[in-house]
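Undergrad: Show me how the following folds:
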Amino acid sequence: MIAARAARCASAFALRPTRFAAAGALPAARRCFAASPLETTAKLYEDLVDKSIKEYQSNQASVSADLDAEIANNKVVLFMEGTPDAPKSEPSLNAVKMLTEAQVVPLLAVDVLAHPAILGYTVSKTSKRRAPHLYVNGAFYADYDGLMAQHSTGQLAKSLGTESTKSTGVFGGELPIATY
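TA: This is a model prediction of the structure:
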């Protein structure tokens, strides 16, 4: 159905010159959009995950050795899309916000989009196709939905959070904003 619609769209709106085109310029192309951008995006992400799993399987020994060592050597490891300073998805942004509010430190963040094998590794290890994934003490702890559930009940701060980094004095118990 989608392919038929795309073919009709391509033939109906084939490259046609517009009245605004400069003399000798290439004709402007008109774009057709999918019926549902969310479905298209979900399909693209699923394709990315499938390719990432294949990439991980082709380099499994070296990728597993490196990432297993990182998970073993750090108490809390977050596999996310982007970095804590520049998350590339809303779930990753929210995961960083929840972990920051709970004062989960120290935290190692791994960008799953830096190399396809990294995403393939964490998807293969957790059987959860959507990042972020949180590992605690060397074992898978929660995905985004699990973090949301624990954050909303306050369990995340109780089980992983620390009080030592919160402010004292007039603003006691609050998160520090900046120190100058």
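
Undergrad: From the contact counts, what lies against the helix or strand containing Lys43?
TA: Assigned by DSSP states H and E, Lys43 falls within helix 37-58. Packing contacts for helix 37-58, counted by 3 or more Cβ pairs under 8 Å, 6 or more residues apart in numbering; DSSP states H and E, involve helix 116-126. In short, each C-beta sits where N, CA and C put it, glycine included.

Undergrad: Can you give the contact residues for the helix it packs on?
TA: With Cβ atoms under 8 Å, 6 or more residues apart in numbering as the test, helix 116-126 has contacts from 48-49, 51-59, 63-64, 67, 79, 110-113, 129, 131, 133, 140, 143.

Undergrad: Now list the buried members of those.
TA: The neighbour count (16 or more other Cβ atoms under 10 Å) marks 48-49, 52-53, 55-56, 63, 67, 79, 110-113, 131, 133, 140, 143 as buried among those.

Undergrad: can you give me the helices for the chain?
TA: Per DSSP state H, the chain has helices spanning 2-12, 37-58, 60-73, 90-101, 116-126, 144-153, 155-160. These are given in chain order.

Undergrad: Looking at those, spot the one closest to Thr83.
TA: Comparison of the helices of the chain against Thr83 by Cβ to Cβ identifies helix 90-101 as nearest, at 8.9 Å.

Undergrad: Could I get the buried residue list for that closest one?
TA: The neighbour-count criterion (16+ other Cβ under 10 Å) identifies 91-96, 98-99 as the buried residues of helix 90-101.
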